[in-house]
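Peer 1: coordinates only, sequence not included:
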């Protein structure tokens, strides 16, 4: 599966945006509390290979996701493979035995809305601020970009597209605050 997403830092109130989306026919899917635990390898540095290995705790579910290198420059597009887990701690122990260790974690509250084949996620990310992500699975990049252009115009969203992950943004912020 190829996930394509466009992310931008919100310049509007998240609650106000959500109300406008609902008035415009978007369907509210739900609220998620997510904790992402990113791992890195002793012999495979995902920062250099532009990959990611993540354990995500979502409400009462646990999943392990491998993310391949980014494929697009105008949107964040990459292969994703996800499996459900029953036991986070045992999975972490297995990965540690294979040379992987916990590198960083990212916590966020996500409100998910849908319209057609697109998901709109309003993210409140601990330590980073508020963002909106528009996601599509196995869709053409141009179609996503066209939807996003219309979305920005319709809902008064400004700002540049961010192709970095929340993990990359957090690492950059930590590095700049330690200088």
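Peer 2: Yes, it's here. Please read these numbers as outputs of a predicted model, since none were measured by experiment.

Peer 1: and residue 17, which of the three is it?
Peer 2: helix (DSSP: H, G, I helix; E, B strand; the rest coil).

Peer 1: which residues does it contact?
Peer 2: 10, 122, 132, 155, 157 (Cβ atoms under 8 Å, 6 or more residues apart in numbering). The way it works is simple: take the backbone N, C-alpha and C, and place the C-beta from them, glycine included.

Peer 1: got the residues you listed as JSON lines, with neighbour count columns?
Peer 2: Converted to JSON lines, these look like this (neighbours: other Cβ atoms under 10 Å):
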{"residue": "10", "neighbour count": "18"}
{"residue": "122", "neighbour count": "20"}
{"residue": "132", "neighbour count": "27"}
{"residue": "155", "neighbour count": "15"}
{"residue": "157", "neighbour count": "17"}
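
Peer 1: among the residues you listed, which lie within strands?
Peer 2: When DSSP state E defines the strands, the subset of these inside them is 122, 132.

Peer 1: what bridges to residue 28?
Peer 2: Residue 28 forms beta bridges with residue 113, as assigned by DSSP bridges.

Peer 1: surely it and residue 119 touch.
Peer 2: No - using Cβ atoms under 8 Å as the test, residue 28 is too far from residue 119 to be in contact (11.4 Å).

Peer 1: who has more neighbours, these two?
Peer 2: residue 119 (19 against 12; other Cβ atoms under 10 Å).

Peer 1: sorry, back to before: which of the contacts of residue 17 lies closest to residue 55?
Peer 2: Closest approach between those and residue 55, by Cβ to Cβ: residue 122, at 23.2 Å.

Peer 1: can you map out the strands along the protein?
Peer 2: All strands of the chain, identified by DSSP E, fall at 2-9, 27-41, 52-58, 61-67, 76-85, 100-115, 118-125, 129-137.

Peer 1: if we can go back for a sec, overlap of the contact sets of residue 28 and residue 119?
Peer 2: 112, 113.

Peer 1: skipping its backbone neighbours, what lies nearest residue 165 in space?
Peer 2: residue 52 (7.0 Å; Cβ to Cβ, 6 or more residues apart in numbering).

Peer 1: that neighbour against residue 46, yeah?
Peer 2: Yes - with contact defined as Cβ under 8 Å, residue 52 counts as touching residue 46 (5.7 Å).

Peer 1: mutual contacts of these two, please.
Peer 2: residue 38.

Peer 1: show the average pLDDT along the longest helix anywhere in the chain.
Peer 2: Looking across the chain with DSSP state H, the single longest helix is helix 141-155. Mean pLDDT, helix 141-155: 91.

Peer 1: now do the buried residues in that helix.
Peer 2: 141, 144, 145, 147, 148, 151, 152 (16 or more other Cβ atoms under 10 Å).
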